[in-house]
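Peer 1: need a structure here:
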Amino acid sequence: MLAAYFDCPGGPENLYVKEVMKPHPGEGEVLVKVSASALNRADLLQRRGKYPPPKGASDILGLEAAGSVAGLGPGCKGRWKTGDAVMALLSGGGQAEYVTVPEGHLMPIPNDMDFIQAAAIPEAWLTAFQLLHFVGKIQKGERVLIHAGASGVGMAAIQLVRLAKATPIVTAGTQEKLKATANAGAAVGFNYKNEDFSEKVLAFTQGSGVDIILDCVGGSYWEKNLNCLSTDGRWIIYGLLSGGEVHGDLLARLLSKRATIHTSLLRSRDKEAS
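Peer 2: Numbering: from 1, shown residues only. This is a model prediction of the structure:
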């Protein structure tokens, strides 16, 4: 089969189409004939050599795809049959003609959605869902600060926070992006380039701060994050766009608020967690 491939980390000029072995579904896996695959920040980072795939994962790019079931491995539980239209969250391998997927990582495609639309759903929406519900344990009435609010995960998180009957607050770098987040349902948004978002958040929440922070920025935001995090708040880190190095009294500040730090990745969880 054909797959998008790269041998040396770098820019898009390093990508090329390569003939590779067609995968065979293992125990509890489904073979999917790929019709569409989406491009995510994690793919860009992997291509640049900054986000290597975990042990055992495909080194072909592509963390989500949509297509049709082409085969079933041993031990599948009958959830799917050949020809079913599915979308999938992957550990890699989506930018190829075929990919194998644990059956628990597949979802049916709604009837009113085509393959291209479906391929863009799993990574952003499932990342946002698991950050808010599995990791953050969001509750009705809570306030959630979403950094990079206009990103794919950010826009999904805004809408999921609203569905949870909580309040989404966002940061973004331009007024156009803030307008987009408002249209998606953000209660308020702040331009991190010309505003101190932590002070603005405290003013908006009348000094109480936010209950959850979804943070893909990392090191450079730690002080402002803790400044506007409520007592017993949850700070969830799922990216390190500004790096992972921290200078200062992070632990003391964290302790003073009885806050907790949680982490997650932009890749699918393993089979046992599905």
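
Peer 1: Now do the strands in this structure.
Peer 2: Counting by DSSP state E, the chain has strands at residues 2-5, 16-19, 29-37, 64-72, 85-89, 98-102, 106-108, 143-146, 167-172, 188-191, 210-215, 229-237, 260-263.

Peer 1: hmm, who's touching the second one?
Peer 2: What that stands for is strand 16-19. The contact list for strand 16-19, computed with C-beta atoms under 8 Å, 6 or more residues apart in numbering, reads 1, 2, 3, 4, 5, 6. Using the backbone N, CA and C atoms, a C-beta is placed for each residue, glycine as well.

Peer 1: again, only using 6 Å
Peer 2: Residues from elsewhere that reach strand 16-19 (C-beta atoms under 6 Å, 6 or more residues apart in numbering): 2, 3, 5.

Peer 1: And the residues you listed, which is closest to residue 64?
Peer 2: The closest of these to residue 64 turns out to be residue 3 (C-beta to C-beta; 15.3 Å).

Peer 1: Burial check on that closest one, number of neighbours?
Peer 2: Counted with other C-beta atoms under 10 Å, the neighbours of residue 3 add up to 24.

Peer 1: contacting residues around it?
Peer 2: Each residue near residue 3 by C-beta under 6 Å, 6+ apart is listed here: 18, 20, 60, 96.

Peer 1: ok, 8 Å please
Peer 2: Residue 3 touches 17, 18, 20, 60, 93, 95, 96, 97, counting by C-beta under 8 Å, 6+ apart.

Peer 1: Please tell me how far it sits from residue 18.
Peer 2: With distances taken as C-beta to C-beta, to the nearest Å, residue 3 is found 6 Å from residue 18.

Peer 1: Then residue 265?
Peer 2: Distance from residue 265 to residue 18, by C-beta to C-beta: 26 Å.

Peer 1: Please name the nearest non-neighbouring residue to the residue nearest the centre of the chain.
Peer 2: Closest to where the C-alpha atoms of the chain average out (C-alpha atoms, centre = their mean) is residue 127, at 3.5 Å. Nearest non-adjacent residue to residue 127, counting by C-beta to C-beta, 6 or more residues apart in numbering: residue 153, 5.1 Å away.

Peer 1: With residue 79 instead?
Peer 2: Of all residues not flanking residue 79 in the chain, residue 103 sits nearest, at 5.6 Å (C-beta to C-beta, 6+ apart).

Peer 1: and what of residue 150?
Peer 2: Once flanking residues are discounted, residue 150 sits nearest to residue 177: 3.7 Å by C-beta to C-beta, 6+ apart.

Peer 1: quick one: contacts for the residue nearest to residue 79?
Peer 2: Residues near residue 103 by C-beta under 8 Å, 6+ apart: 28, 29, 30, 76, 77, 79, 80.

Peer 1: Make a ChimeraX selection of the buried ones in these.
Peer 2: Selection command for ChimeraX covering only the buried members of these, criterion 16 or more other C-beta atoms under 10 Å:
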select :28,29,30,76,80
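
Peer 1: Filter the contacts of residue 103 down to the ones in helices?
Peer 2: The members of those all map outside helices under DSSP state H.

Peer 1: Which one of the contacts of residue 103 is nearest to residue 159?
Peer 2: residue 79 (26.7 Å).

Peer 1: per-residue pLDDT, residue 45?
Peer 2: Confidence at residue 45, expressed as pLDDT, is 87.

Peer 1: what separates the closest residue to it other than its chain neighbours from residue 206, distance-wise?
Peer 2: Sequence neighbours aside, residue 51 is the residue nearest to residue 45 in space, at 3.6 Å (criterion: C-beta to C-beta, 6+ apart). Look at residue 51 and residue 206: by C-beta to C-beta, they are 39 Å apart.
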